[in-house]
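[1] task: produce atomic coordinates for the following.
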Amino acid sequence: MTTDGVTISADHASNLTNEPASEGGGMRFEKSELHDFAESDRSAGEHVGILLALVFCISLFLMVGVTWWTSQHQSQGHDPHAISGVKEVAHPE
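    Predicted coordinates:
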């Protein structure tokens, strides 16, 4: 049998019908297993959401802390590379 240019053997061609699978071999998982899969998937999604929210809050806290620290330790002179808290030493001429 040829379908769209692909040759299919006769024993595989019998499986290409549009009829629903028979009761014996069509279902691979029990309904209780599918329910358990869906429940564990929902639980994993909730945990990932909580984890992302926690990472966001920690990152926000750290960024605010760094911004505050940077604003408190800015150089007061004209030299942008000067270290704050260190007074300039007068160079003898």
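[2] do a quick rundown of the helices in the chain.
    According to DSSP state H, the chain carries its helices in the segments 10-13, 31-72.
[3] now these as JSON lines including distance to residue 81 and mean pLDDT?
    In short, each C-beta sits where N, CA and C put it, glycine included. Supplementary listing: the helices of the chain in JSON lines, determined by distance: least, C-beta to C-beta, whole Å; pLDDT from 0 to 100:
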{"stretch": "helix 10-13", "distance to residue 81": "75", "mean pLDDT": "58"}
{"stretch": "helix 31-72", "distance to residue 81": "15", "mean pLDDT": "95"}
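[4] make a markdown table out of those helices and add distance to residue 78 and mean neighbour count.
    Output for the helices of the chain, formatted as a markdown table (distance: least, C-beta to C-beta, whole Å; neighbours: other C-beta atoms under 10 Å):
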| stretch | distance to residue 78 | mean neighbour count |
| --- | --- | --- |
| helix 10-13 | 82 | 9 |
| helix 31-72 | 18 | 10 |
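[5] and the ones you listed as a markdown table, adding distance to residue 79?
    Output for the helices of the chain, formatted as a markdown table (distance: least, C-beta to C-beta, whole Å):
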| stretch | distance to residue 79 |
| --- | --- |
| helix 10-13 | 80 |
| helix 31-72 | 17 |
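[6] for residue 60, see how far away residue 41 is.
    With distances taken as C-beta to C-beta, to the nearest Å, residue 41 is found 29 Å from residue 60.
[7] meant to ask about residue 29, not that
    Residue 29 sits at a distance of 42 Å from residue 60 (criterion: C-beta to C-beta).
[8] same check, this time on residue 28
    45 Å.
[9] same question for residue 46.
    When residue 46 is compared with residue 60 (using C-beta to C-beta), they lie 21 Å apart.
[10] check residue 67 too.
    Plainly put, residue 67 is 11 Å away from residue 60 if you go by C-beta to C-beta.
[11] swap in residue 40?
    30 Å.
[12] tally of neighbours for residue 81?
    Neighbour count for residue 81, taken as other C-beta atoms under 10 Å: 6.
[13] mind starting the numbering at 36 from now?
    Got it, the first residue is 36 from now on, which makes the last one we talked about residue 116.
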